[in-house]
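Q: Sequence first, then the predicted structure, then my questions.
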Amino acid sequence: MSRNRKTRNYFEPQRHPDHPRPVTRRQLIAQGFRAGTASVVGAGVFSLFANPRAAYAALAPDLELLKASCGIATQGAGKIPFICFDLAGGANMAGSNVLVGGVGGQLDFLTTAGYSKLGLPGDMTPPVVSAITGQDHVDQTLGLAFHSDSAFLRGMLTNVSGGTATNINGAVIPARSENDTGNNPHNPMYGIARVGAEGSLLGLVGSRNSDSGGNSMAPVMMINAEDRPTKVDRPSDVTGLVDTGALVGLLSQADAVKVLESIQRVSDMKLQRVNTKLVTQDAVIKDLVNCGYVKSADIADRFGDPSSLNPSIDPDIVGPSGIFTQAEYDSDDEFRKTASVMKLVVNGFAGAGTITMGGYDYHGGRRAEGEVKDFRAGRCMGACLEYAARVGVPLMMYVYSDGSLSSNGAVDNTVDGRGKGEWSSDNQSTAASFFLVYNPGGRATLLGGTPALEARHQQLGYFRGDASVETSATPAANNVNLLVETVLLNYMALHGEEGNFATLFPGHGLGSTTLRDSLMAFAPIVPGTI
């Protein structure tokens with residue numbers, strides 16, 4: 001007999017009877033009582049390729065020469081932009097979204113019972129041909145194999161153009177992590193900074209006032225107090241990073257820069273005649289004053305135009321030809337949050353960013369809730385990939401969650417439920433993370449050399465037939481710290497710098513060079529820097 005259930009608002013807070021009352025910040029985010037926010041690691045790449053900021057004029061030659069001696073960074077380190085999504089609460093990754101398989105890779109299919117555990121009824125398992133489309137349920141539009149009805153995939157393809165999709169590839173990492181807790185050290189931001197990503201404008205930016213800047217922790221051994229995140233989760237946070245003063249409002253940007261350049265020159269001439277009577281500190285004081293004026297002129301030159309930082313007026317992000325329509329952007333804070341982070345990272349004002357999305361502890365209700373939330377997350381992921389394509393820069397995007405969940409086989413036949421299995425309980429044994437790589441020069445090439453070996457480099461580890469992570473498959477499979485190290489190794493490999501991994505992370509747990517080679521997905525896409 002069917003039972004009538006009241007459909008809850010999918011974006012309202014979740015009150016699970018089998019969970020304790022949420023008290024901590026992480027519990028509140030996971031169950032949707034608080035929104036996740038965004039984090040960024042500073043790094044610069046924008047002017048080393050495709051020159052997306054070519055419209056900015058250089059300072060006068062005499063001031064340009066002073067910028068280096070004053071330690072003013074305008075380009076950053078030139079590393080590949082990196083954005084990660086922290087889906088707080090234990091989202092589904094494997095099976096219903098990214099396909100996972102046995103030892104042979106994603107298409108080494110699991111059992112029917114295993115796919116049922118991953119929310120897929122018998123008529124929707126990957127190898128089964130759909131009576132409607134006449135095709136199986138495997139979609140490799142983005143290189144990495146997704147279920148053809150994946151909500152992540154549907155969301156991404158809403159924002160990603162066909163041309164962009166052909167230049168995307170990815171890999172999945174089967175790996176357990178604890179359910180419903182922020183104590184999983186998932187966040188790789190500090191490691192990305194250690195690899196060399198440094199900002200032209202700022203350092204790490206985080207969603208909350210926490211050490212990691214996201215819902216999940218950062219590995220303790222990677223934390224550097226100097227890089228503690230600054231919060232960014234809305235356009236005003238982005239525009240508030242720089243204050244160009246009232247002069248830019250009174251004059252044109254070009255005239256304001258000229259005035260500030262003149263002020264610096266006059267100040268410098270005056271300082272040469274001043275005797276501070278501080279024998280050991282005279283030069284230091286004069287340099288501090290002089291560099292302050294140089295920095296003011298440089299800030300006005302680079303950021304005096306409001307459109308240089310504001311995602312809300314970037315036509316590639318919002319508007320008739322933008323990734324989001326004006327109505328979508330105005331009505332969804334997750335879209336504005338995503339736009340804020342990707343504006344900073346993709347344009348090189350920052351080098352890496354974390355976007356935390358809350359409410360992904362979505363078991364216990366209709367399958368529809370998970371589908372709707374996954375679709376919105378997919379749209380945010382797709383926005384980042386498409387924006388990178390429009391700017392003309394590469395991007396590595398990493399997606400993770402604290403734990404996962406499983407289905408008991410009951411099917412939700414509502415429109416939003418799409419005939420899939422309901423998520424009945426938390427289940428860390430079905431967890432996985434994945435990353436996608438956009439390369440403007442062409443789809444990243446899998447390592448291996450043969451289809452069989454390439455399949456094993458696209459799925460780093462494997463699932464048992466019953467849809468449980470094989471915890472002995474890789475170092476990452478049963479250790480979240482080593483999962484982060486695996487992601488960092490792959491980030492370095494995209495630059496051709498995997499040989500430096502043991503030097504930068506001397507206490508790593510990824511074993512020998514041979515073992516590390518088996519944990520890398522792609523050949524380099526840039527030679528050290530972009």
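A: Sure, I can see it. Everything quoted here is computed from the prediction, not taken from an experiment.
Q: where do the strands sit along the stretch 351-500 of the chain?
A: For the stretch 351-500 of the chain, applying DSSP state E, counting those that start in this stretch gives strands covering 352-357, 395-401, 405-412, 420-426, 432-438.
Q: Deepest in the core, which of those strands is it.
A: Most buried of these by mean neighbour count (mean count of other Cβ atoms under 10 Å) is strand 352-357; its value is a mean of 31. The way it works is simple: take the backbone N, C-alpha and C, and place the C-beta from them, glycine included.
Q: Any stretches of the chain with poor pLDDT?
A: 1-12, 14-58, 62-63, 65-69, 71-76, 243-290, 293-296, 305-306 (pLDDT under 70).
Q: what about the helices in the stretch 251-400 of the chain?
A: 253-273, 282-303, 326-331, 333-346, 367-391 (DSSP state H, counting those that start in this stretch).
Q: Let me have the strands of the stretch 351-500 of the chain in a markdown table, extended by distance to residue 193.
A: What follows is the strands of the stretch 351-500 of the chain, written out as a markdown table (distance: least, Cβ to Cβ, whole Å):
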| stretch | distance to residue 193 |
| --- | --- |
| strand 352-357 | 7 |
| strand 395-401 | 14 |
| strand 405-412 | 32 |
| strand 420-426 | 32 |
| strand 432-438 | 18 |
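Q: so which of these gets nearest residue 60?
A: strand 352-357 (32.9 Å; Cβ to Cβ).
Q: Can you spell out which helices and strands pack onto the closest one?
A: If contacts are counted by 3 or more Cβ pairs under 8 Å, 6 or more residues apart in numbering; DSSP states H and E, strand 352-357 sits against strand 38-41, strand 82-87, helix 189-195, helix 333-346, helix 367-391.
Q: Go again with 7 Å.
A: Counting contacts by 3 or more Cβ pairs under 7 Å, 6 or more residues apart in numbering; DSSP states H and E, strand 352-357 is packed against strand 38-41, strand 82-87, helix 189-195, helix 333-346.
Q: Return the most buried member of these.
A: strand 38-41 (a mean of 34).
Q: dump the residue contacts of the nearest residue to residue 159 once chain neighbours are set aside.
A: Leaving aside its sequence neighbours, residue 159 sits nearest to residue 382 (Cβ to Cβ, 6 or more residues apart in numbering; 3.4 Å). Contact analysis of residue 382 by Cβ atoms under 7 Å, 6 or more residues apart in numbering lists 155, 156, 157, 158, 159, 160.
Q: need these in a markdown table with distance to residue 378, neighbour count and secondary structure, can you?
A: Listed next are those as a markdown table, based on distance: Cβ to Cβ, whole Å; neighbours: other Cβ atoms under 10 Å; DSSP: H, G, I helix; E, B strand; the rest coil:
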| residue | distance to residue 378 | neighbour count | secondary structure |
| --- | --- | --- | --- |
| 155 | 2 | 21 | helix |
| 156 | 5 | 29 | helix |
| 157 | 8 | 20 | helix |
| 158 | 7 | 14 | helix |
| 159 | 8 | 20 | helix |
| 160 | 10 | 26 | coil |
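Q: between those, which is closest to residue 190?
A: For the contacts of residue 382, the nearest to residue 190 is residue 156 (27.3 Å; Cβ to Cβ).
Q: what about the closest residue to the closest one other than its chain neighbours, distance to residue 472?
A: Nearest residue to residue 156, sequence neighbours excluded (Cβ to Cβ, 6+ apart): residue 382, at 3.5 Å. Residue 382 sits 35 Å away from residue 472, going by Cβ to Cβ, to the nearest Å.
Q: Phi and psi next, for the spatially closest residue to residue 474 that is not a sequence neighbour.
A: With Cβ to Cβ, 6+ apart as the criterion, residue 474 has its nearest non-adjacent residue at 4.3 Å, and that residue is residue 461. Main-chain dihedrals, residue 461, degrees, to the nearest 10: phi 120, psi -170.
Q: ok, the closest residue to residue 103 other than its chain neighbours - contacts?
A: Once flanking residues are discounted, residue 103 sits nearest to residue 462: 5.1 Å by Cβ to Cβ, 6+ apart. Applying Cβ under 7 Å, 6+ apart to residue 462 gives the contacts 101, 102, 103, 174, 470, 473.
Q: Same check on residue 321?
A: residue 315.
Q: Outline the domain layout of the chain.
A: 27-44+79-240+309-448+460-518, 247-303 (automatic domain parsing).
Q: what number of residues lie near residue 179?
A: For residue 179, the neighbour count with other Cβ atoms under 10 Å is 22.
Q: ranking the domains of the chain by burial, who's on top?
A: domain 27-44+79-240+309-448+460-518 (a mean of 22).
Q: Help me confirm that residue 228 comes into contact with residue 210.
A: No: contact criterion Cβ atoms under 7 Å: residue 228 and residue 210 do not qualify, at 8.9 Å.
Q: Distance of residue 472 relative to residue 464?
A: Separation of residue 472 from residue 464 (Cβ to Cβ): 11 Å.
Q: try residue 123
A: 23 Å.
Q: same check, this time on residue 512
A: As judged by Cβ to Cβ, residue 512 and residue 464 stand 26 Å apart.
Q: residue contacts, residue 230?
A: Counted by Cβ under 7 Å, 6+ apart, residue 230 has contacts 202, 205, 206.
Q: how about it, phi and psi?
A: Torsion angles at residue 230 (phi, psi; degrees, to the nearest 10) stand at phi -100, psi 140.
Q: Tell me how far it lies from residue 349.
A: From residue 230 to residue 349 the distance is 12 Å (Cβ to Cβ).
Q: do residue 161 as well
A: Distance of residue 161 to residue 349, given as Cβ to Cβ: 24 Å.
Q: ditto for residue 452
A: Applying Cβ to Cβ to residue 452 and residue 349 gives a distance of 42 Å.
Q: Residue 401 too?
A: For residue 401, the distance to residue 349 - Cβ to Cβ - is 27 Å.
Q: likewise residue 126?
A: From residue 126 to residue 349 the distance is 40 Å (Cβ to Cβ).
Q: Please name the residues that touch residue 220.
A: Counting by Cβ under 7 Å, 6+ apart, residue 220 touches residue 185.
Q: Please enumerate the helices of the stretch 401-530 of the chain.
A: Using DSSP H, counting those that start in this stretch, helices in the stretch 401-530 of the chain cover 451-458, 480-494, 501-504, 513-518.
Q: Using TSV, please lay out the domains of the chain together with distance to residue 61.
A: Putting these into TSV (distance: least, Cβ to Cβ, whole Å) gives the following:
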stretch	distance to residue 61
domain 27-44+79-240+309-448+460-518	20
domain 247-303	10
